[in-house]
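J.: fold the stuff below for me.
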Amino acid sequence: MNWQALNDTGQLEKIKTSSNNPDFLGILIFKHSTRCATSAMVLERLERGWSYSDSQLPVYFLDLLCFPSVSDEIASVFGVQHESPQVLVIKDGICVYTDSHTAISVKRLTDSIQSDNK
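T.: Okay, here's the model as predicted:
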């Protein structure tokens, strides 16, 4: 996974706009807490099982402890409740999938992405 750092609320507009690209299956945002063992486990599981290229599904990484205001803005912009760890898939400017904690898996992401892109 080629993580792009998400550390500024201004990046959210770019993510929304870029998610309209028909070549993308969506844009993934992973909200990670560096102090949480569950978050570390989920991150490792995602990276180990990842099979998408950056040209299919760009991935953004948010360090919640360093940039909590970005997490708050994500909740507001995409209408989701804050969780940690949390994964969101943005497509056509909206959040089409979100999951949190141990429910996050590559299989669940893949199933959702395939369902949304039929």
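J.: the residue nearest to residue 51 when sequence neighbours are not counted - how many residues pack around it?
T.: Spatial nearest neighbour of residue 51, excluding adjacent residues (Cβ to Cβ, 6 or more residues apart in numbering): residue 106 at 7.3 Å. C-beta: built from backbone N, CA, C; applies to glycine. Other residues near residue 106 come to 15 when the count uses other Cβ atoms under 10 Å.
J.: thought residue 106 was touching residue 47?
T.: No. If you go by Cβ atoms under 8 Å, residue 106 and residue 47 don't touch, sitting 9.5 Å apart.
J.: where does this structure have low pLDDT?
T.: 117-118 (pLDDT under 70).
J.: all strands of it, in order?
T.: 4-5, 27-32, 59-63, 86-91, 94-100 (DSSP state E).
J.: okay, the ones you listed in JSON lines with mean neighbour count and distance to residue 15 next?
T.: Formatted as JSON lines, the strands of the chain follow (neighbours: other Cβ atoms under 10 Å; distance: least, Cβ to Cβ, whole Å):
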{"stretch": "strand 4-5", "mean neighbour count": "14", "distance to residue 15": "9"}
{"stretch": "strand 27-32", "mean neighbour count": "23", "distance to residue 15": "5"}
{"stretch": "strand 59-63", "mean neighbour count": "20", "distance to residue 15": "7"}
{"stretch": "strand 86-91", "mean neighbour count": "24", "distance to residue 15": "6"}
{"stretch": "strand 94-100", "mean neighbour count": "18", "distance to residue 15": "10"}
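J.: reformat these as TSV; add distance to residue 70.
T.: TSV is the format used below for these (distance: least, Cβ to Cβ, whole Å):
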stretch	distance to residue 70
strand 4-5	10
strand 27-32	9
strand 59-63	6
strand 86-91	12
strand 94-100	15
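J.: tell me the buried residues in the longest helix seen in the chain?
T.: Counting residues, the longest helix found in the chain (DSSP state H) is helix 37-49. By neighbour count on 16 or more other Cβ atoms under 10 Å, the buried set for helix 37-49 is 39, 42-43, 46.
J.: and what of stretch 65-76?
T.: Buried, per 16+ other Cβ under 10 Å, within stretch 65-76: 67, 70-71, 73-75.
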